[in-house]
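1. the sequence isn't on hand, but the structure is:
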């Protein structure tokens, strides 16, 4: 063990540890462990019943153990006597392949074996709403174009500054906070890092924002489309590929088109090849598809993609190349599983490099006004069922992510779809009661 968690607990005054894992549906599961027991937990892991979480397991399966990764340790800034740890799932002495963090680490190993490491950053949008979930926390936030509204931002200064102060204390390098395009919506940006570090921080960020919102008498939601007339919650990812030392950006090429290397375009080609099949991960809920290709919102634009296209510094496309050496993936939403999201990006990018996939022609049009004129471009699925069917039939995903993960995820998502499709909605009553 490179780091002794028991020793760290004494040095930092940590009294309890949250040993956590994220299940296939993105739910954060934890056990609260007193510091006196962390030495044994570091060796053996915290025990869980897999069937009790969203994992493809039964009550007959043996215990599941979350082995904490000491490198992931985050001491809660608002409750410093508690340390949070991301765990990797094991069962019967083997890693659980159909678990999100393990899936990402497998992709990282594939990349490392080829001499690569992926760095990424995320933009996590969220709404601050009232505890009942039906209305915005700030009743004065009513502008038609509220993005960057200073008054609305400063009315939430107490919580925004507390979240940012926490990230500063943790050394994440936060550099801006803003009111986003929807009323009641905010975004906070911090420095990019290795994709596993980003996924761990993304997971903790969602927990932290929700916790601090509750402390302020509010509720924070990352739901893709909590209000039909407002812009939805995206979770854009910025991606670049580096050498193993992390010193050279392999996507950067001063002579390349838009400052990108041939390797970057192959990586991009892989992402575009599998984008529609990976909506099952990037846009994992029924509600996700209310954000994609949605009607124009009250601000005048949805800011979400409707087709598999890329461009330069043009936010109407699924992929934007804002400057040299990286690209921004705008497909993902706030419900995306932090680990599966990064695993999907890296897996598809590696596939693109291995098969020298061509991303095709760059389009510089406004997709929201002229996108319907494009011929031969792939369109994104219209609902969760279509996305699951694409996901489970993809040979690229099965070869890249493994049959065990694809089958487990698809099975549970089909159950979720059946649950949704057998639920009577108010729309049906309003429109078909008298048919």
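-> Perfect, I can see it now. The structure displayed is predicted, hence computed values, not measured ones.
2. state the distance spanning the first to the last residue of stretch 147-166.
-> One end of stretch 147-166 sits 24 Å from the other (C-alpha to C-alpha, to the nearest Å).
3. I should have written stretch 226-245 there, sorry.
-> 42 Å.
4. try stretch 171-182
-> The straight-line separation of the ends of stretch 171-182 (C-alpha to C-alpha) is 29 Å.
5. report the mean per-residue pLDDT for that stretch.
-> For stretch 171-182, the mean per-residue pLDDT is 98.
6. so what touches it?
-> When contacts are taken as C-beta atoms under 8 Å, 6 or more residues apart in numbering, the neighbours of stretch 171-182 outside the stretch itself are 125, 127, 145-150, 152-153, 160, 163-164, 167-168, 185-191, 201, 227, 230-232, 297, 299, 301, 303. In this view, the C-beta of every residue, glycine as well, is placed from N, C-alpha and C.
7. for residue 356, what is the enclosing helix or strand?
-> Under the assignment given by DSSP states H and E, residue 356 is not contained in any helix or strand.
8. please name the residues that touch it.
-> Under the criterion of C-beta under 8 Å, 6+ apart, the neighbours of residue 356 are 266, 269.
9. if you set the cut-off to 6 Å instead, what comes out?
-> When contacts are counted by C-beta atoms under 6 Å, 6 or more residues apart in numbering, residue 356 touches residue 266.
10. which strand in this structure has the most residues?
-> Taking DSSP state E as the criterion, the chain has its longest strand at strand 116-129.
11. could you point out the helix or strand that follows that one?
-> helix 150-155.
12. which elements pack onto that following helix?
-> If contacts are counted by 3 or more C-beta pairs under 6 Å, 6 or more residues apart in numbering; DSSP states H and E, helix 150-155 sits against no helix or strand.
13. who touches it?
-> Counting by C-beta under 6 Å, 6+ apart, residues outside helix 150-155 touching it are 138, 141, 146, 179.
14. mind listing what's buried along it?
-> Under the neighbour-count criterion of 16 or more other C-beta atoms under 10 Å, helix 150-155 has 152-153 buried.
15. from the chain's centroid, how far away is that helix?
-> Average the C-alpha atoms of helix 150-155, do the same for its chain, and the two points are 27 Å apart (C-alpha atoms, centre = their mean, to the nearest Å).
16. repeat that for stretch 201-217.
-> Taking the mean C-alpha point of stretch 201-217 and that of its whole chain, the gap between them comes to 15 Å (C-alpha atoms, centre = their mean).
17. state the mean pLDDT of it.
-> For stretch 201-217, the per-residue pLDDT averages 98.
18. same question for stretch 22-29.
-> What stretch 22-29 shows for mean pLDDT is 98.
19. related to what we said a few turns ago, helices and strands around the longest strand of the chain, which ones?
-> Strand 116-129 packs on strand 185-190, helix 195-215, strand 219-221, strand 235-243, going by 3+ C-beta pairs under 6 Å, 6+ apart.
20. so which of those gets nearest residue 47?
-> Proximity to residue 47, assessed across these by C-beta to C-beta, is greatest for helix 195-215 (20.6 Å).
21. buried residues, that closest one. List them.
-> Along helix 195-215, these residues count as buried under the neighbour rule (16+ other C-beta under 10 Å): 195-210, 212-213.
22. before we move on, what about stretch 231-249?
-> If you call a residue buried by 16+ other C-beta under 10 Å, then stretch 231-249 has these buried ones: 231-242, 249.
23. biggest separation within the residues you listed, which pair?
-> For the buried residues of stretch 231-249, the maximum inter-member distance is 32.6 Å, found between 231 and 242 (C-beta to C-beta).
24. contacts for the longest strand of the chain, please.
-> Contacts made with strand 116-129 from outside it, assessed by C-beta under 6 Å, 6+ apart, are listed as 136-137, 180, 184-185, 187, 192, 194-195, 198, 202, 205, 209, 218-222, 226, 233-242, 244, 346.
25. just the closest of the buried residues of stretch 231-249 to residue 381, please.
-> When the buried residues of stretch 231-249 are compared for distance to residue 381 (C-beta to C-beta), residue 232 wins out at 16.0 Å.
26. the closest one reaches residue 292, doesn't it?
-> No: distance between residue 232 and residue 292: 8.5 Å, which falls outside the contact criterion (C-beta atoms under 6 Å).
27. check which helices and strands the helix or strand of the chain with the lowest mean pLDDT sits against.
-> Averaged element by element with mean pLDDT, DSSP states H and E, the chain has its least confident helix or strand at helix 367-370 (a mean of 92). When contacts are defined as 3+ C-beta pairs under 6 Å, 6+ apart, helix 367-370 packs onto no helix or strand at all.
28. buried residues of that helix, list them for me.
-> The neighbour-count check on helix 367-370 (16+ other C-beta under 10 Å) flags 367-368 as buried.
29. ok, so of the buried residues of stretch 231-249, who is nearest residue 357?
-> The shortest gap between residue 357 and any of the buried residues of stretch 231-249 belongs to residue 241, at 14.6 Å (C-beta to C-beta).
30. which residues touch the closest one?
-> Taking C-beta under 6 Å, 6+ apart as the definition of contact, the neighbours of residue 241 are 116, 118, 250-251.
31. can you do 10 Å?
-> With contacts defined as C-beta atoms under 10 Å, 6 or more residues apart in numbering, the neighbours of residue 241 are 111, 116-120, 248-252, 261, 263-264, 267, 325-326, 346, 349-350, 353.
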